[in-house]
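Trainee: Quick one, what's the 3D model for this:
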Amino acid sequence: MFEKVNPSHPDKQADRIAGAIVDLAYQIEENPKIAVEVLLGHGICHVIIETSVYINESDIEAAITRIAGDDVIPEILQVEQDPHLADNQKDGVRCGDNGIFKGVPTSKEESTLSRIAKEIYTVYPYDGKYILDEDKLIICQSMADSDALKEAYPNAIVNPLGDWSGGPNVDTGATNRKLGSDMGRAVTGGGLHGKDLSKADVSVNIYAFLRAKKAGEVIELSCAIGDDEIDGLPYEEIVEIARDYIDAVGGFEKFAEWGLI
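Mentor: Here you go, the predicted model:
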């Protein structure tokens, strides 16, 4: 059983805004320390940014407008990162958080639904959510021709309440609320989006996913804030593995669009 949401779902818009802000921080500094939380809905976008680098608010507002629309009012708060967290990274790259992590190879069900979600999104780039439970496929796609979707996917349950329009004026969006969509059966704690690479929630989750995919088995890891080694590797090396992955997908905002699966 797996649920997937597309990049125009309000929760994914919040993830994308957070990712876009992290991208801005990396344009300013090679290794910024940043954590971003976004709450989006009904014409307002609240953004709280804990950061080691000041980001021009006009650039943040431009990212919000581009992703959520020009009728959204940005409310932005930037504060300095907590000094205890900042000191943790003073003398080298160390684990930026406590956590437990699980990498799980992508299942056939997860791969199939992700493919279907992306197929539909190329035609209807609007708010959508999809579920696959063995042979049961549920498609909820806003701003769509339901009859055309039923013809394309004849065994699916399509828009059970009829045609609908979605977006943040219908439902609020919040950062990291759709981790099940992004991580499948690997969800434990923490969140993938809106954080720099020193944060274990980003780098160790990516590392565990890649290692599980390669090994074909579940990988379970834990870490404490300040650790300089995880899974027998220097933490700095895990950060670089995650950096390569983020660079390959096109940055933190692009990563937020579909997550790991």
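Trainee: Can you give me the domain assignment for this structure?
Mentor: Following automatic domain parsing, one gets these domains for the chain: 10-105+174-258, 109-169.
Trainee: what's the closest of those domains to residue 2?
Mentor: Closest to residue 2 of the domains of the chain, according to Cβ to Cβ: domain 109-169, at 5.0 Å. C-beta here means a position set from N, CA and C on the backbone, and glycine is covered the same way.
Trainee: where's that closest one relative to the chain centroid, distance-wise?
Mentor: 20 Å (Cα atoms, centre = their mean, to the nearest Å).
Trainee: Stretch 239-250 too?
Mentor: 14 Å.
Trainee: quick one on the thing from earlier: so which of the domains of the chain has the densest surroundings on average?
Mentor: Mean neighbour counts were taken over the domains of the chain using mean count of other Cβ atoms under 10 Å, and the top value, a mean of 19, falls to domain 10-105+174-258.
Trainee: Find the residue closest to residue 89 in space, skipping its chain neighbours.
Mentor: Leaving aside its sequence neighbours, residue 89 sits nearest to residue 198 (Cβ to Cβ, 6 or more residues apart in numbering; 5.9 Å).
Trainee: what bits of this protein have low per-residue confidence?
Mentor: Screening the chain residue by residue with the criterion pLDDT under 70, one finds no matching range.
Trainee: Go through it and flag its longest helix.
Mentor: Counting residues, the longest helix in the chain under DSSP state H turns out to be helix 10-28.
Trainee: Number of residues surrounding the residue lying closest to residue 133 once chain neighbours are set aside?
Mentor: Distances taken as Cβ to Cβ, 6+ apart place residue 1 nearest to residue 133, at 4.5 Å, with adjacent residues excluded. If you count neighbours by other Cβ atoms under 10 Å, residue 1 ends up with 12.
Trainee: Cross-check the contact I'm expecting between residue 1 and residue 131.
Mentor: Yes: because the distance of 7.4 Å satisfies Cβ atoms under 8 Å, residue 1 is recorded as touching residue 131.
Trainee: Ramachandran angles for residue 132?
Mentor: Residue 132 adopts backbone torsions of phi -130, psi 120, taken as degrees, to the nearest 10.
Trainee: How about it, nearest residue that isn't a chain neighbour?
Mentor: What sits nearest to residue 132 in space, not counting adjacent residues and going by Cβ to Cβ, 6+ apart, is residue 113, at 4.1 Å.
Trainee: Would you agree the one you found falls within a strand?
Mentor: No: looking at residue 113 with DSSP: H, G, I helix; E, B strand; the rest coil, it is helix, so not inside a strand.
Trainee: what ranges do the helices span in the protein?
Mentor: With DSSP H as the criterion, the chain has helices at 10-28, 57-68, 83-88, 108-123, 146-152, 179-183, 200-215, 235-249, 252-258.
Trainee: quick one, which of these is nearest to residue 189?
Mentor: Distance to residue 189, taken as Cβ to Cβ, is lowest for helix 200-215 among the helices of the chain, at 8.0 Å.
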